[in-house]
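Q: Sharing a sequence plus its predicted fold:
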Amino acid sequence: MPASTTGLLDRVFRDPGVKQGLRFFTKGERNRIKLREADDEKVEIWCAKRERWLRAKPEEVVRQLFLVWVQESLKYPLKRVLVEWPIQMGEDEEKERADIAVFTDDACTDPYLVFELKKPDSKEGLEQLRSYLRWAGCFFGCWSNGNDHSFQLKEEDKDTKKGPYKFRDIPRLPKLDEDLDDILAPLTFAELKPIQDMRALIERLEHDALANAGVNAFDELFKLFFAKLHDEFRPGHKAKDPVEFRVPTGSPDVVYKRFNDLFLAAKRRPHWGQIFDEGDALKLRGDALRLCAAALEPYSLTHTDLDAVDAAFEYLINPEQKAQKGQYFTPRPVVKMAVKMLNPQDGERVIDPACGSCGFLIHTIRHAQQLYGWNAGELYRYANEHL
(Lines give C-alpha, C1' and ligand atoms only; values in the text may rest on other atoms or scores of the structure.)
Protein backbone atom coordinates (compact mmCIF):
# COMPACT_ATOMS: atom_id res chain seq x y z
CA MET A 1 0.00 0.00 0.00
CA PRO A 2 1.14 3.58 -0.53
CA ALA A 3 2.48 5.15 2.64
CA SER A 4 -0.36 7.68 2.65
CA THR A 5 -2.98 4.91 2.56
CA THR A 6 -1.23 3.03 5.36
CA GLY A 7 -1.10 6.08 7.57
CA LEU A 8 -4.73 7.00 6.95
CA LEU A 9 -5.90 3.46 7.70
CA ASP A 10 -3.94 3.58 10.94
CA ARG A 11 -5.88 6.72 11.84
CA VAL A 12 -9.24 5.13 10.93
CA PHE A 13 -8.72 2.01 13.01
CA ARG A 14 -6.54 3.65 15.70
CA ASP A 15 -4.70 0.36 15.99
CA PRO A 16 -2.25 -0.83 13.30
CA GLY A 17 -2.88 -4.40 14.44
CA VAL A 18 -6.55 -4.16 13.49
CA LYS A 19 -5.77 -2.67 10.10
CA GLN A 20 -3.16 -5.31 9.37
CA GLY A 21 -5.70 -7.89 10.51
CA LEU A 22 -8.03 -7.35 7.52
CA ARG A 23 -7.19 -10.93 6.68
CA PHE A 24 -10.00 -11.59 4.23
CA PHE A 25 -8.40 -9.34 1.62
CA THR A 26 -5.36 -11.09 0.21
CA LYS A 27 -5.31 -9.93 -3.43
CA GLY A 28 -4.31 -6.29 -3.12
CA GLU A 29 -7.78 -4.90 -2.44
CA ARG A 30 -6.34 -2.37 -0.01
CA ASN A 31 -4.34 -0.88 -2.88
CA ARG A 32 -7.58 -0.19 -4.79
CA ILE A 33 -9.37 2.00 -2.25
CA LYS A 34 -8.94 5.80 -2.14
CA LEU A 35 -8.51 7.70 1.13
CA ARG A 36 -7.93 11.37 1.80
CA GLU A 37 -7.81 13.81 4.69
CA ALA A 38 -10.77 16.20 4.66
CA ASP A 39 -10.71 19.88 5.61
CA ASP A 40 -11.79 19.00 9.16
CA GLU A 41 -8.81 16.59 9.40
CA LYS A 42 -11.13 13.59 9.33
CA VAL A 43 -10.31 10.69 6.99
CA GLU A 44 -12.63 10.15 4.01
CA ILE A 45 -12.97 7.22 1.61
CA TRP A 46 -14.19 7.29 -2.00
CA CYS A 47 -17.27 5.19 -2.81
CA ALA A 48 -17.11 4.20 -6.47
CA LYS A 49 -20.78 3.16 -6.47
CA ARG A 50 -22.19 6.36 -4.96
CA GLU A 51 -19.45 8.44 -6.58
CA ARG A 52 -18.77 10.59 -3.56
CA TRP A 53 -16.48 10.86 -0.55
CA LEU A 54 -17.71 9.38 2.73
CA ARG A 55 -16.49 9.48 6.31
CA ALA A 56 -14.04 6.57 6.60
CA LYS A 57 -15.52 4.71 9.53
CA PRO A 58 -14.11 1.19 10.07
CA GLU A 59 -17.29 -0.51 8.80
CA GLU A 60 -17.30 1.70 5.68
CA VAL A 61 -13.70 0.75 4.94
CA VAL A 62 -14.69 -2.94 5.12
CA ARG A 63 -17.59 -2.26 2.73
CA GLN A 64 -15.42 -0.48 0.18
CA LEU A 65 -12.90 -3.32 0.28
CA PHE A 66 -15.72 -5.77 -0.40
CA LEU A 67 -16.91 -3.67 -3.33
CA VAL A 68 -13.45 -4.12 -4.81
CA TRP A 69 -13.53 -7.85 -4.01
CA VAL A 70 -16.96 -8.34 -5.62
CA GLN A 71 -15.72 -6.77 -8.84
CA GLU A 72 -12.25 -8.29 -9.02
CA SER A 73 -12.72 -11.74 -7.44
CA LEU A 74 -16.37 -12.51 -8.25
CA LYS A 75 -16.31 -10.54 -11.55
CA TYR A 76 -19.64 -8.76 -11.10
CA PRO A 77 -19.81 -5.34 -12.83
CA LEU A 78 -20.48 -2.36 -10.59
CA LYS A 79 -23.78 -1.67 -12.39
CA ARG A 80 -25.15 -4.90 -10.88
CA VAL A 81 -24.27 -3.83 -7.34
CA LEU A 82 -26.20 -1.67 -4.88
CA VAL A 83 -25.18 -0.41 -1.44
CA GLU A 84 -27.63 0.27 1.41
CA TRP A 85 -30.20 -1.85 -0.45
CA PRO A 86 -33.60 -1.64 1.33
CA ILE A 87 -35.29 -4.91 2.38
CA GLN A 88 -38.88 -5.01 3.65
CA MET A 89 -38.79 -7.26 6.73
CA GLY A 90 -42.51 -8.10 7.04
CA GLU A 91 -45.58 -6.02 6.27
CA ASP A 92 -45.51 -3.94 9.46
CA GLU A 93 -41.76 -3.67 9.83
CA GLU A 94 -39.54 -0.83 8.70
CA LYS A 95 -37.16 -1.51 5.87
CA GLU A 96 -33.67 -2.67 6.76
CA ARG A 97 -30.70 -1.90 4.54
CA ALA A 98 -28.23 -4.53 3.40
CA ASP A 99 -24.66 -3.26 3.16
CA ILE A 100 -24.17 -4.67 -0.35
CA ALA A 101 -26.51 -6.50 -2.73
CA VAL A 102 -25.48 -8.11 -6.01
CA PHE A 103 -28.00 -8.77 -8.78
CA THR A 104 -28.16 -11.04 -11.83
CA ASP A 105 -29.41 -8.24 -14.10
CA ASP A 106 -28.29 -4.73 -14.99
CA ALA A 107 -31.61 -3.25 -13.82
CA CYS A 108 -30.95 -4.64 -10.31
CA THR A 109 -34.33 -6.35 -9.96
CA ASP A 110 -33.21 -9.96 -9.29
CA PRO A 111 -31.10 -10.14 -6.09
CA TYR A 112 -28.47 -12.89 -5.98
CA LEU A 113 -26.00 -12.11 -3.17
CA VAL A 114 -26.49 -10.13 0.04
CA PHE A 115 -23.70 -8.90 2.36
CA GLU A 116 -23.88 -7.99 6.04
CA LEU A 117 -20.61 -6.32 7.00
CA LYS A 118 -19.19 -5.19 10.32
CA LYS A 119 -16.10 -3.43 11.59
CA PRO A 120 -13.07 -5.60 12.43
CA ASP A 121 -13.38 -7.73 15.58
CA SER A 122 -17.20 -7.46 15.65
CA LYS A 123 -18.89 -10.86 16.08
CA GLU A 124 -22.48 -9.77 15.46
CA GLY A 125 -24.51 -9.82 12.27
CA LEU A 126 -24.87 -13.44 11.14
CA GLU A 127 -28.50 -13.67 12.26
CA GLN A 128 -29.17 -10.32 10.60
CA LEU A 129 -27.80 -11.71 7.33
CA ARG A 130 -30.07 -14.75 7.61
CA SER A 131 -33.06 -12.46 8.16
CA TYR A 132 -32.15 -10.59 4.97
CA LEU A 133 -31.99 -13.86 3.05
CA ARG A 134 -35.39 -14.95 4.37
CA TRP A 135 -37.06 -11.79 3.11
CA ALA A 136 -34.96 -10.79 0.10
CA GLY A 137 -35.76 -13.70 -2.19
CA CYS A 138 -32.14 -14.73 -2.72
CA PHE A 139 -30.16 -17.72 -1.50
CA PHE A 140 -26.51 -16.65 -1.15
CA GLY A 141 -25.11 -14.36 1.54
CA CYS A 142 -21.88 -13.26 3.20
CA TRP A 143 -21.21 -12.05 6.72
CA SER A 144 -17.76 -10.62 7.42
CA ASN A 145 -15.89 -8.21 9.67
CA GLY A 146 -12.94 -8.04 7.29
CA ASN A 147 -11.10 -10.78 9.18
CA ASP A 148 -13.52 -13.64 9.70
CA HIS A 149 -16.31 -14.50 7.32
CA SER A 150 -19.16 -16.91 6.71
CA PHE A 151 -20.63 -17.68 3.30
CA GLN A 152 -24.23 -18.79 3.78
CA LEU A 153 -26.71 -20.74 1.65
CA LYS A 154 -30.45 -20.56 2.29
CA GLU A 155 -32.03 -23.93 1.61
CA GLU A 156 -35.72 -24.55 0.96
CA ASP A 157 -37.74 -27.49 2.19
CA LYS A 158 -37.27 -30.18 -0.49
CA ASP A 159 -40.97 -31.06 -0.54
CA THR A 160 -42.69 -27.67 -0.30
CA LYS A 161 -39.97 -25.68 -2.12
CA LYS A 162 -40.38 -22.89 0.44
CA GLY A 163 -39.82 -22.19 4.15
CA PRO A 164 -39.12 -22.85 6.90
CA TYR A 165 -35.65 -22.20 5.55
CA LYS A 166 -32.43 -23.72 6.79
CA PHE A 167 -28.96 -22.28 6.47
CA ARG A 168 -25.56 -23.86 5.97
CA ASP A 169 -22.01 -22.76 5.30
CA ILE A 170 -20.71 -23.04 1.75
CA PRO A 171 -17.07 -22.92 0.65
CA ARG A 172 -17.43 -19.82 -1.54
CA LEU A 173 -19.88 -17.49 -3.26
CA PRO A 174 -20.87 -17.87 -6.92
CA LYS A 175 -18.94 -15.80 -9.40
CA LEU A 176 -20.58 -14.16 -12.38
CA ASP A 177 -22.58 -16.80 -14.34
CA GLU A 178 -22.03 -19.50 -11.70
CA ASP A 179 -24.81 -21.35 -9.88
CA LEU A 180 -25.21 -23.72 -6.92
CA ASP A 181 -23.77 -26.71 -8.79
CA ASP A 182 -20.53 -24.79 -9.31
CA ILE A 183 -20.39 -23.84 -5.63
CA LEU A 184 -20.93 -27.39 -4.40
CA ALA A 185 -18.28 -28.91 -6.68
CA PRO A 186 -15.62 -30.67 -4.55
CA LEU A 187 -12.89 -28.44 -3.18
CA THR A 188 -9.28 -29.34 -3.85
CA PHE A 189 -6.61 -29.46 -1.15
CA ALA A 190 -5.08 -26.30 -2.65
CA GLU A 191 -8.33 -24.41 -2.02
CA LEU A 192 -8.47 -25.15 1.72
CA LYS A 193 -7.78 -22.17 3.98
CA PRO A 194 -6.51 -21.98 7.58
CA ILE A 195 -9.10 -21.15 10.24
CA GLN A 196 -8.48 -17.62 11.48
CA ASP A 197 -10.66 -17.78 14.62
CA MET A 198 -11.36 -21.38 15.52
CA ARG A 199 -13.00 -20.51 18.82
CA ALA A 200 -15.54 -18.23 17.08
CA LEU A 201 -16.30 -21.02 14.60
CA ILE A 202 -16.91 -23.49 17.41
CA GLU A 203 -19.11 -21.02 19.27
CA ARG A 204 -21.23 -20.63 16.14
CA LEU A 205 -21.53 -24.40 15.69
CA GLU A 206 -22.59 -24.78 19.31
CA HIS A 207 -25.31 -22.18 18.74
CA ASP A 208 -26.47 -23.28 15.27
CA ALA A 209 -26.07 -27.04 15.29
CA LEU A 210 -25.20 -28.56 18.64
CA ALA A 211 -27.47 -26.84 21.16
CA ASN A 212 -30.32 -29.32 20.61
CA ALA A 213 -28.44 -32.21 19.03
CA GLY A 214 -28.45 -34.33 22.21
CA VAL A 215 -24.72 -35.13 21.99
CA ASN A 216 -21.55 -34.08 23.78
CA ALA A 217 -20.21 -31.18 21.72
CA PHE A 218 -16.57 -31.83 22.64
CA ASP A 219 -16.66 -35.56 21.84
CA GLU A 220 -18.42 -35.20 18.49
CA LEU A 221 -16.44 -32.22 17.22
CA PHE A 222 -13.27 -34.01 18.30
CA LYS A 223 -14.27 -36.96 16.08
CA LEU A 224 -14.95 -34.64 13.15
CA PHE A 225 -11.56 -32.96 13.63
CA PHE A 226 -9.88 -36.36 13.46
CA ALA A 227 -11.84 -37.29 10.33
CA LYS A 228 -10.74 -33.99 8.77
CA LEU A 229 -7.11 -34.53 9.73
CA HIS A 230 -7.22 -38.06 8.33
CA ASP A 231 -8.31 -36.65 4.97
CA GLU A 232 -5.63 -33.95 5.00
CA PHE A 233 -2.96 -36.55 5.87
CA ARG A 234 -4.08 -38.84 3.04
CA PRO A 235 -0.89 -40.42 1.62
CA GLY A 236 0.12 -39.28 -1.82
CA HIS A 237 -2.58 -36.68 -2.31
CA LYS A 238 -1.77 -33.71 -4.53
CA ALA A 239 -2.85 -30.08 -4.29
CA LYS A 240 -5.29 -30.45 -7.20
CA ASP A 241 -6.97 -33.58 -5.79
CA PRO A 242 -10.52 -33.23 -4.40
CA VAL A 243 -10.99 -33.54 -0.65
CA GLU A 244 -13.04 -36.39 0.79
CA PHE A 245 -14.19 -34.37 3.80
CA ARG A 246 -17.14 -32.70 2.07
CA VAL A 247 -20.90 -32.81 2.42
CA PRO A 248 -22.27 -35.11 -0.29
CA THR A 249 -25.63 -34.67 -1.96
CA GLY A 250 -28.13 -37.24 -0.78
CA SER A 251 -30.07 -38.37 2.25
CA PRO A 252 -28.98 -37.90 5.88
CA ASP A 253 -27.83 -41.53 5.83
CA VAL A 254 -25.53 -40.80 2.89
CA VAL A 255 -24.07 -37.80 4.73
CA TYR A 256 -23.58 -39.82 7.91
CA LYS A 257 -21.86 -42.69 6.08
CA ARG A 258 -19.37 -40.30 4.45
CA PHE A 259 -18.16 -38.80 7.72
CA ASN A 260 -18.44 -41.87 9.91
CA ASP A 261 -16.37 -43.82 7.37
CA LEU A 262 -13.70 -41.10 7.50
CA PHE A 263 -13.71 -41.22 11.30
CA LEU A 264 -13.43 -45.03 11.38
CA ALA A 265 -10.56 -44.82 8.89
CA ALA A 266 -8.85 -42.26 11.16
CA LYS A 267 -9.15 -44.70 14.07
CA ARG A 268 -7.28 -47.32 12.04
CA ARG A 269 -4.23 -45.08 11.69
CA PRO A 270 -1.23 -46.18 13.81
CA HIS A 271 -1.49 -44.66 17.30
CA TRP A 272 -4.69 -42.73 16.52
CA GLY A 273 -6.93 -45.62 17.53
CA GLN A 274 -5.57 -45.47 21.08
CA ILE A 275 -7.39 -42.16 21.54
CA PHE A 276 -10.85 -43.67 21.07
CA ASP A 277 -12.71 -46.70 22.39
CA GLU A 278 -12.95 -49.66 20.04
CA GLY A 279 -16.68 -49.23 19.42
CA ASP A 280 -16.63 -45.43 19.02
CA ALA A 281 -18.55 -44.04 16.06
CA LEU A 282 -20.05 -40.68 15.17
CA LYS A 283 -23.17 -39.90 17.18
CA LEU A 284 -23.81 -36.63 15.39
CA ARG A 285 -26.46 -37.07 12.70
CA GLY A 286 -28.97 -35.23 10.54
CA ASP A 287 -28.90 -31.46 10.18
CA ALA A 288 -26.44 -31.07 13.06
CA LEU A 289 -23.84 -33.21 11.29
CA ARG A 290 -24.44 -31.55 7.94
CA LEU A 291 -24.07 -28.05 9.41
CA CYS A 292 -20.90 -28.87 11.38
CA ALA A 293 -19.26 -30.68 8.47
CA ALA A 294 -20.18 -27.91 6.01
CA ALA A 295 -18.65 -25.29 8.31
CA LEU A 296 -15.37 -27.24 8.55
CA GLU A 297 -15.26 -28.28 4.88
CA PRO A 298 -13.43 -25.24 3.38
CA TYR A 299 -10.70 -25.15 6.03
CA SER A 300 -7.38 -26.86 6.64
CA LEU A 301 -6.67 -27.92 10.21
CA THR A 302 -3.06 -28.76 9.38
CA HIS A 303 -2.43 -25.16 8.29
CA THR A 304 -4.35 -23.53 11.15
CA ASP A 305 -2.20 -21.76 13.71
CA LEU A 306 -1.51 -23.98 16.72
CA ASP A 307 -2.34 -21.17 19.14
CA ALA A 308 -5.82 -20.93 17.59
CA VAL A 309 -6.34 -24.67 17.97
CA ASP A 310 -5.08 -24.53 21.56
CA ALA A 311 -7.47 -21.70 22.49
CA ALA A 312 -10.41 -23.46 20.83
CA PHE A 313 -9.65 -26.74 22.60
CA GLU A 314 -9.52 -25.01 25.97
CA TYR A 315 -12.83 -23.23 25.29
CA LEU A 316 -14.57 -26.38 24.07
CA ILE A 317 -14.14 -28.26 27.33
CA ASN A 318 -16.34 -26.53 29.90
CA PRO A 319 -15.24 -26.48 33.57
CA GLU A 320 -17.32 -29.53 34.51
CA GLN A 321 -15.92 -31.59 31.65
CA LYS A 322 -12.38 -30.49 32.49
CA ALA A 323 -12.74 -31.88 36.01
CA GLN A 324 -14.27 -35.13 34.74
CA LYS A 325 -11.44 -35.63 32.25
CA GLY A 326 -8.71 -34.52 34.64
CA GLN A 327 -8.00 -31.49 32.46
CA TYR A 328 -6.76 -28.38 34.24
CA PHE A 329 -5.57 -25.71 31.82
CA THR A 330 -2.69 -23.49 32.81
CA PRO A 331 -3.51 -19.85 31.87
CA ARG A 332 -1.74 -19.09 28.60
CA PRO A 333 0.16 -16.03 29.93
CA VAL A 334 1.64 -18.33 32.60
CA VAL A 335 2.57 -20.91 29.95
CA LYS A 336 4.32 -18.25 27.85
CA MET A 337 6.17 -16.92 30.92
CA ALA A 338 7.33 -20.41 31.97
CA VAL A 339 8.60 -21.26 28.47
CA LYS A 340 10.41 -17.95 28.23
CA MET A 341 12.06 -18.54 31.63
CA LEU A 342 13.11 -22.09 30.68
CA ASN A 343 14.41 -20.84 27.32
CA PRO A 344 14.60 -24.33 25.69
CA GLN A 345 17.51 -24.76 23.28
CA ASP A 346 17.98 -27.07 20.31
CA GLY A 347 19.26 -30.40 21.59
CA GLU A 348 17.50 -30.14 24.94
CA ARG A 349 14.51 -32.38 25.61
CA VAL A 350 11.23 -30.92 26.88
CA ILE A 351 8.87 -33.35 28.63
CA ASP A 352 5.34 -32.60 29.82
CA PRO A 353 3.92 -35.74 31.50
CA ALA A 354 0.42 -34.22 31.84
CA CYS A 355 0.19 -32.26 28.62
CA GLY A 356 -3.59 -31.93 28.15
CA SER A 357 -3.94 -29.95 24.92
CA CYS A 358 -0.15 -29.60 24.64
CA GLY A 359 -0.11 -25.93 25.64
CA PHE A 360 3.45 -25.98 27.03
CA LEU A 361 4.76 -28.00 24.06
CA ILE A 362 2.99 -25.80 21.50
CA HIS A 363 4.52 -22.69 23.02
CA THR A 364 7.90 -24.41 23.14
CA ILE A 365 7.63 -24.91 19.36
CA ARG A 366 6.73 -21.22 18.99
CA HIS A 367 9.73 -20.29 21.16
CA ALA A 368 12.09 -22.37 19.03
CA GLN A 369 10.66 -20.91 15.84
CA GLN A 370 11.30 -17.36 17.07
CA LEU A 371 14.72 -18.26 18.46
CA TYR A 372 16.09 -20.06 15.39
CA GLY A 373 13.86 -18.90 12.51
CA TRP A 374 13.27 -22.52 11.46
CA ASN A 375 11.08 -23.58 8.57
CA ALA A 376 8.32 -26.20 8.86
CA GLY A 377 10.65 -29.11 8.16
CA GLU A 378 13.12 -28.05 10.84
CA LEU A 379 10.30 -27.55 13.36
CA TYR A 380 8.96 -31.02 12.52
CA ARG A 381 12.40 -32.52 13.17
CA TYR A 382 12.75 -30.62 16.45
CA ALA A 383 9.28 -31.66 17.70
CA ASN A 384 9.84 -35.34 16.82
CA GLU A 385 13.26 -35.56 18.42
CA HIS A 386 13.03 -33.29 21.45
CA LEU A 387 9.41 -32.79 22.61
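A: On my side now, so go ahead. Fair warning: this is a prediction, and the values are worked out from it, not measured in the lab.
Q: Quick check: mean pLDDT of stretch 337-345?
A: The average pLDDT within stretch 337-345 is 95.
Q: my bad, should have said stretch 232-245
A: Averaging pLDDT along stretch 232-245 gives 91.
Q: buried residues in stretch 172-179?
A: Buried positions in stretch 172-179, judged by neighbour count with 16 or more other C-beta atoms under 10 Å: 172, 173, 174. Where you see a C-beta, it was placed from the backbone N, CA and C, and this is true even at glycine.
Q: what about residue 36, neighbour count?
A: Residues within reach of residue 36, counting by other C-beta atoms under 10 Å, total 14.
Q: sorry, back to before: sort out which of the buried residues of stretch 172-179 are in strands and list them.
A: Among the buried residues of stretch 172-179, DSSP state E puts none in strands.
Q: Now render these as CSV, adding distance to residue 213 and pLDDT.
A: Below are the buried residues of stretch 172-179 laid out as CSV (distance: C-beta to C-beta, whole Å; pLDDT from 0 to 100):
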residue, distance to residue 213, pLDDT
172, 27, 93
173, 28, 96
174, 30, 96
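Q: now, which of those residues sits nearest residue 118?
A: residue 173 (17.4 Å; C-beta to C-beta).
Q: so what's that closest one up against?
A: Applying C-beta atoms under 8 Å, 6 or more residues apart in numbering, we find residue 173 in contact with 74, 113, 140, 142, 151, 183.
Q: Which residue is the nearest non-sequential neighbour of the fifth one?
A: The shortest distance from residue 151 to any residue that is not its chain neighbour, by C-beta to C-beta, 6 or more residues apart in numbering, is 5.0 Å, and that residue is residue 170.
Q: so that neighbour makes contact with residue 153?
A: Yes: taking C-beta atoms under 8 Å as the definition, residue 170 is a contact partner of residue 153 at 4.7 Å.
Q: Helices of the chain, residue ranges please.
A: 3-13, 16-20, 58-72, 126-136, 180-183, 198-205, 217-232, 252-267, 286-296, 306-316, 319-325, 332-342, 359-372, 376-386 (DSSP state H).
Q: By mean pLDDT, show me the worst of the ones you listed.
A: Across these, helix 319-325 gives the lowest mean pLDDT, at a mean of 53.
Q: quick one: which of the helices of the chain is nearest residue 189?
A: Proximity to residue 189 (C-beta to C-beta) singles out helix 217-232 among the helices of the chain, at 7.3 Å.
Q: Now go through the contacts of residue 173 and say which are in strands.
A: Among those, the members found in strands (DSSP E) are 113, 140, 142, 151.
Q: Using a markdown table, please lay out the residues you listed together with neighbour count, pLDDT and distance to residue 277.
A: Formatted as a markdown table, the ones in strands among the contacts of residue 173 follow (neighbours: other C-beta atoms under 10 Å; pLDDT from 0 to 100; distance: C-beta to C-beta, whole Å):
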| residue | neighbour count | pLDDT | distance to residue 277 |
| --- | --- | --- | --- |
| 113 | 25 | 97 | 45 |
| 140 | 22 | 96 | 41 |
| 142 | 24 | 97 | 41 |
| 151 | 19 | 95 | 36 |
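Q: Domain ranges for this protein, per the record?
A: For the chain, automatic domain parsing gives the domain ranges 3-185, 190-304, 330-386.
Q: and the ones you listed as CSV, adding distance to residue 315?
A: Output for those, formatted as CSV (distance: least, C-beta to C-beta, whole Å):
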stretch, distance to residue 315
domain 3-185, 14
domain 190-304, 5
domain 330-386, 11
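Q: For residue 310, which of these is the nearest?
A: For the domains of the chain, the distance to residue 310 is smallest for domain 330-386, at 5.4 Å, taking C-beta to C-beta.
Q: And that closest one, end to end?
A: From its first residue to its last, domain 330-386 covers 22 Å (C-alpha to C-alpha, to the nearest Å).
Q: hang on, the earlier thing: out of the helices of the chain, nearest to residue 37?
A: Residue 37 lies closest to helix 3-13 among these, at 6.9 Å (C-beta to C-beta).
Q: Tell me the buried residues in the closest one?
A: Residues of helix 3-13 classed as buried: 8, 9, 12, 13 (neighbour count, 16+ other C-beta under 10 Å).
Q: Not counting residues beside it along the chain, what's closest to the first one?
A: Read it as residue 8. residue 35 (4.2 Å).
Q: Make sure the one you found is actually in contact with residue 53.
A: No: applying C-beta under 8 Å as the test, residue 35 and residue 53 come out as separate, 9.5 Å apart.
Q: So residue 116 is in contact with residue 124, correct?
A: No: taking C-beta under 8 Å as the definition, residue 116 is not a contact partner of residue 124, at 9.3 Å.
Q: how near is residue 155 to residue 61?
A: According to C-beta to C-beta, to the nearest Å, residue 155 and residue 61 sit 32 Å apart.
Q: Now do the same contact list for the closest residue to residue 369 other than its chain neighbours.
A: Nearest non-adjacent residue to residue 369, counting by C-beta to C-beta, 6+ apart: residue 379, 6.0 Å away. Contacts for residue 379 (C-beta under 8 Å, 6+ apart) come out as 365, 368, 369.
Q: Just the buried ones among the residues you listed, please.
A: Buried members of the contacts of residue 379, scored by 16+ other C-beta under 10 Å, are 365, 368.
Q: Out of the contacts of residue 379, which is nearest to residue 261?
A: Using C-beta to C-beta, those come closest to residue 261 at residue 365, 32.2 Å.
Q: who's in contact with the closest one?
A: Contacts of residue 365 (C-beta under 8 Å, 6+ apart): 306, 379, 382, 383, 387.
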